[in-house]
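> How does the following fold in three dimensions:
(chains A and B)
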Amino acid sequence: MHALPPQPDVLVVGGGTAALCAAITTRRAGASVLLLERAPKGERGGNTRHSRNFRYVHEGPSPFSAGAYPETEFRSDLARVAGRDQDPALLRLLIERSRELPDWLAHLGVPLQPVAGGGLPHSRKTAFLLGGGKTLLNALYAAAERLGVAICYGASVEAIQCDEPSAPKVVPRTAAKDVYRAAPKVVHSVDYSLEGSLHTVSPQIAILCCGGAQADREWLRTSWGERADGFINRGTPHAKSGLLRNLLSQGIAAAGDPAAAYLVAVDARSPADDGGIVTRVRSMHAGIVVDRDGQRRYDEGADTASTRYSAWGQRLADFPGQIGYLILDRRGLQVEAPSFYPAISAPSIADLAQQLGLPPLALERTLSAYNAAVSPRGANANEGLLPPKSSDALPLTEPPFAAYPMRPGITFTYHGVAVDARLRVRHREGGVIDNLFAAGMLMAPNLFSRGYLSGLALMIGLATGRAAGEGAARDAFDDGR
Amino acid sequence: MPLMMGVEQPTAEAEAEAQRALHICTVCGYCNGLCPVFDAAKRRPRLAAGDLDQIANLCHHCRSCLYACQYAPPHPFALNLPLALARVRLDSYARHAWPQPLARLFANPHRAALLASLMTTLPVCALVSINVPVERLWTVYQGPGAFYQILPWGWMVLLAGLSLGWSLLALGIGLRRFWHASTGTVHSAYEPDAPPEPDAPPPLRRALPALATALREALTLRHLHGGGAGCADLDARPSHWRRRWHHALFYGVLLSVAATMAATLYHHLLGRLAPYPFWSAPVLLGSAGGGLMLVGVVGLGWLGARADPAPNAPDSQRANRALLWLLGAVALSGLLLLLWRETPAMALLLMLHLGLVLALFLLLPYSKLVHGPYRLAALWCDAWERQRQLQAQEQGGSTDG
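Residues are numbered from 1 along each chain as shown, chains lettered A, B, ... in the order given. Now for the predicted structure:
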């Protein structure tokens, strides 16, 4: 076992984008920094590993995006998906910080992919990381190491200990409101386990950047019941709920909606964790979607924009057994974008049903009802079909027939801790914990607790990580020296 | 040796792994700014044997994509595209080489370098021994024509002409096979409604404009820029050193070729016989070339020895090292010959240098040296495909996402 890291001025909990931005910023300001990443080195970086682009406000042209993205447009985009109830100061922070991102990243050696090179999906509002999120992580970890941030992998933070003279030392696990007599004001130490033993570190300031709890099946079950067992986790297996539960049990104010999650339709054959971008199923509009009883439940043609991925993710969560099947024929199969898993195919619908374990008669009946309702020209099938299919309603008659089994793929949860405009963590009784900051997806529910915009998570991680790092550095030097 | 078996039995395993990897890459697409491999794979979704040959030879083994890959080990998908393509690439050299028995003879790279050196140096020695009595080998020869007292000019030209001529013929046949395989499946990619023409390579004339692009990309090693950031020469950290060392080596070889051509001009036009004085074009070009070659050999050898082994195929590494040894020996023997040409060591050094240069010629179609022509061909084919894709988009207004 190697030597334990020294006591730092600032402790950063987490190892993704927000954590690295916070650590780098704080360290640059002169503080000594310890970063505790729960994952082993090979799996470091949280869900940033699976990301590709970040959203940023830019009033003029940029080499990394196909046009300007003014502040007003970002505000209305965010309001459209997530409402307008964000703390205005926090929203301002996000917008202002996002403007500087391309320059700031370039300075740290993070390569972005210029639009001029071609090959990128058209995007005016986001910039693409050359090589994707893992390249960003490699560059930021290298920068952090260069600057002298102490990085500890496989270190799982279990609890935050707050100074609270009037409360009992032992904090009850379940957080009933009446247990608390006074709000804890200051973090005095942080407990983490590393290679099987428990350690304590007492920083002046802690910055929490440990993301959501989407990989924690038990935690999901508390909100989703047994439906959670049918989910596939698209990202890091290290997004657990331990620290969040510990915080909430100590009276930290929650943000967001514990019963909501961002779900995307993914292939049911995907690995339990970390399937990432390649497991998405995308062409629902090219066929029909049935449940395990062979019944259609939704209009497959209603939504053909990229929002359909999450629309179907949510729907699948309510399918019996959380499983659905995209059924295609030969023509539909040609429409389906390249997918990681091959389609399951069969010469007839009955054979296909058998391979999938669906009731053959029910599937045949569903298909013939659908085929009877569509015209061969196939614009829509709104009459005589329930649910209707409002676009791409072509008959499914050309063998071979094919299917993609689908499950809801959980991407992130909308549940975290509440923060003030300086990103300090709030207490339920009012006020903030002075020396406890939060950044990234852990506090993202302060900004949106439903919907999603492409590149928003990385935007929040980068912008709030930097802001929290600057705030922490300022406070560390004000208090101590 | 694995490579020996590879010549006979192409590598179902290497192909299957490259197919699996490229398929994931096509669905993911995050790396498409790093190099042209990813767009090429997208254009050739069938990933048949010829497609793999093309894509594997388009790959410059920059390795950035391994470190950028979220599906690389320890992820269960265990994606390692540079390694998969390195295996297919090495296999493509062996499969397309002509004639196969000779390719098999030279399959082990280090043994091949040694064998070829013996095959060329021994005849040189034999010819010299006919010409010069052994006891006079240690004489100091000076003045114009000194070299030709050891081995007459005509013999030198004959030996060089025979080995180089044979090698260029063999290389040409190999290249032609590669070109047919790698371009054979492109036709249908832009005209999905047209009947597939699996065996129709592009008409050369129509593909000519793309050759200029390909030459530019080859001479600047454009795809060893990692999309601008640099490549993973040692590990995840981006670097430009492999490109720089390769430039030193390649342009060093070119300068050495230029030195030989300058010497030919001196010989025929000016009637001046080698050895030439230091301040003459052949010597200046040759010593600059030899020096650059040595710099490149040492730089590339150092990178190769220090690099993270994960994305490297051991067989490829062996082939690289063998070639670097040979090139280094050629350069060093040439420089020493220049340095000591007026000493008793001249005759031996001349025989050694001549033998090594001839060995290099002989191994041209059967060593890592083929990567140059094959890569140029792959770049040509790729430039031509991109050009056609652009035309198809302009005409049809269709885009691919």
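
> Could I get the pLDDT score of residue 255?
This is for chain A. Residue A:255 is assigned a pLDDT of 97 by the prediction.

> wrong one, I was asking about chain B
With respect to pLDDT, residue B:255 has a value of 98.

> who does the helix or strand that contains it touch, helix- and strand-wise?
Residue B:255 belongs to helix B:241-265 when assigned by DSSP states H and E. With contacts taken as 3 or more CB pairs under 8 Å, 6 or more residues apart in numbering or on different chains; DSSP states H and E, helix B:241-265 sits against helix B:281-306, helix B:314-339. Every residue, glycine included, has its C-beta placed from N, CA and C.

> Rebuild those helices as CSV, extending it with mean pLDDT, distance to residue B:24 and mean neighbour count.
Formatted as CSV, those follow (pLDDT from 0 to 100; distance: least, CB to CB, whole Å; neighbours: other CB atoms under 10 Å in any protein chain shown):
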stretch, mean pLDDT, distance to residue B:24, mean neighbour count
helix B:281-306, 97, 28, 19
helix B:314-339, 97, 22, 20
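
> Which one of those helices lies nearest to residue B:18?
Residue B:18 lies closest, by CB to CB, to one member of those: helix B:314-339, at 13.9 Å.

> and the angle from the closest one to helix B:281-306?
Orientation note: helix B:314-339 sits at an angle of 150 degrees relative to helix B:281-306 (axes from the mean of the first three to the mean of the last three CA atoms, to 10 degrees).

> Grab the nearest non-local neighbour of residue B:149.
Leaving aside its sequence neighbours, residue B:149 sits nearest to residue B:141 (CB to CB, 6 or more residues apart in numbering or on different chains; 5.4 Å).

> my bad, should have said residue B:75
Using CB to CB, 6+ apart and skipping the chain neighbours, the partner closest in space to residue B:75 is residue A:274 (6.1 Å).

> between the helices and strands packed on helix B:241-265, which one is nearest to residue A:428?
helix B:281-306 (55.2 Å).

> Figure out how far the closest one is from the centre of its chain.
Here helix B:281-306 is found 16 Å from its chain centre; the criterion is CA atoms, centre = their mean, to the nearest Å.

> How many residues are close by residue 148?
I'll assume chain A. Neighbourhood size, residue A:148 [other CB atoms under 10 Å in any protein chain shown]: 9.

> look at chain B instead
With neighbours defined by other CB under 10 Å, the count for residue B:148 comes to 17.

> what's the answer for residue B:157, then?
Here the number of neighbours of residue B:157 (other CB under 10 Å) works out to 12.

> and it, what element?
Element membership for residue B:157 (DSSP H and E) is helix B:153-183.

> Remind me what that helix packs against, helices and strands.
helix B:49-58, helix B:81-96, helix B:109-131, helix B:346-363, helix B:371-396.

> Skipping its backbone neighbours, what lies nearest the residue in the stretch 101-250 of chain B positioned nearest to chain A in space?
Here the residue of the stretch 101-250 of chain B nearest chain A is residue B:229; by CB to the nearest CB that distance is 3.7 Å. Nearest residue to residue B:229, sequence neighbours excluded (CB to CB, 6+ apart): residue A:111, at 3.7 Å.

> from what I can see that neighbour touches residue A:128, true?
No: between residue A:111 and residue A:128 there is no contact under CB atoms under 8 Å: 10.0 Å.

> which parts of the stretch 51-200 of chain B sit against chain A?
By CB under 8 Å from any CB of the partner chain, the residues of the stretch 51-200 of chain B that approach chain A are B:64-65, B:67-71, B:73-77.

> Restricting to C-alpha, output stretch A:467-474 in CSV.
In CSV, the C-alpha atoms belonging to stretch A:467-474 read as follows (Å, rounded to 0.1, in the frame of the first residue of the first chain):
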residue,chain,number,x,y,z
ALA,A,467,-16.4,28.5,-10.5
ALA,A,468,-16.4,26.3,-7.4
GLY,A,469,-12.6,26.0,-7.7
GLU,A,470,-12.2,29.7,-7.8
GLY,A,471,-14.7,30.2,-4.9
ALA,A,472,-12.9,27.6,-2.8
ALA,A,473,-9.5,29.1,-3.5
ARG,A,474,-10.7,32.5,-2.5
